[in-house]
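S.K.: let me see the structure of the following:
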Amino acid sequence: QAHLVESGGGLVQTGDSLRLSCAASERTFSNNVMGWFRQAPGNEREFVAVISWSGDATVYADSVKGRFAISRDNAKNTVYLQMNSLKPEDTAVYYCAAVRSPNTFTITPAEYDYWGQGTQVTVSS
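M.R.: Residues are numbered from 1 along each chain as shown. Purely as a prediction, here's the structure:
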């Protein structure tokens, strides 16, 4: 069973930055599309960012565009989410996920096959 483990969450103030990491074990995800999603209490899980297996293509939710950056290091089997200019509305549990097929570049949570356990990000005003 493949595992994805997120880290880097925490409590920060408005305007601060955080970098989330998602490390894979049990198998390599270097050929997989990887995404970040988030879920706030009472809300559905929402798309944040996605990156192609090569890292050449990225897509962001409008709410984070210009503030967040997704990247990957396939040699380390790790995906990152750099979050700058954080706002209270960014408060959520952040999840990384992987798509089994390298050809499925998607922002739809239901199309992702592997999920991490999540890391809490809290932004105080």
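S.K.: where in this structure is pLDDT low?
M.R.: For the chain, the stretches flagged by pLDDT under 70 are 1-2.
S.K.: and the strands in it, which stretches?
M.R.: 3-7, 10-13, 18-25, 34-39, 46-51, 58-60, 68-73, 78-83, 92-98, 114-115, 119-124 (DSSP state E).
S.K.: distance of the closest residue to Ala97 other than its chain neighbours from Arg100?
M.R.: Leaving aside its sequence neighbours, Ala97 sits nearest to Tyr112 (Cβ to Cβ, 6 or more residues apart in numbering; 3.8 Å). Where you see a C-beta, it was placed from the backbone N, CA and C, and this is true even at glycine. Remark: distance between Tyr112 and Arg100 (Cβ to Cβ, to the nearest Å) = 9 Å.
S.K.: higher neighbour count, these two?
M.R.: Tyr112 (24 against 14; other Cβ atoms under 10 Å).
S.K.: list the contacts of that one.
M.R.: Contacts for Tyr112 (Cβ atoms under 8 Å, 6 or more residues apart in numbering) come out as 35, 37, 97-99, 106.
S.K.: for the residue nearest to Ser85 when sequence neighbours are not counted, grab the count of nearby residues.
M.R.: Nearest non-adjacent residue to Ser85, counting by Cβ to Cβ, 6+ apart: Arg67, 4.7 Å away. Applying other Cβ under 10 Å, we find 15 residues neighbouring Arg67.
S.K.: touching, Arg67 and Glu89? I think so.
M.R.: No. The criterion here is Cβ atoms under 8 Å, and Arg67 misses it with Glu89 at 11.4 Å.
S.K.: closest to the centroid, which residue in this structure?
M.R.: The residue lying closest to the centre of the chain (Cα atoms, centre = their mean) is Trp36, at 2.2 Å.
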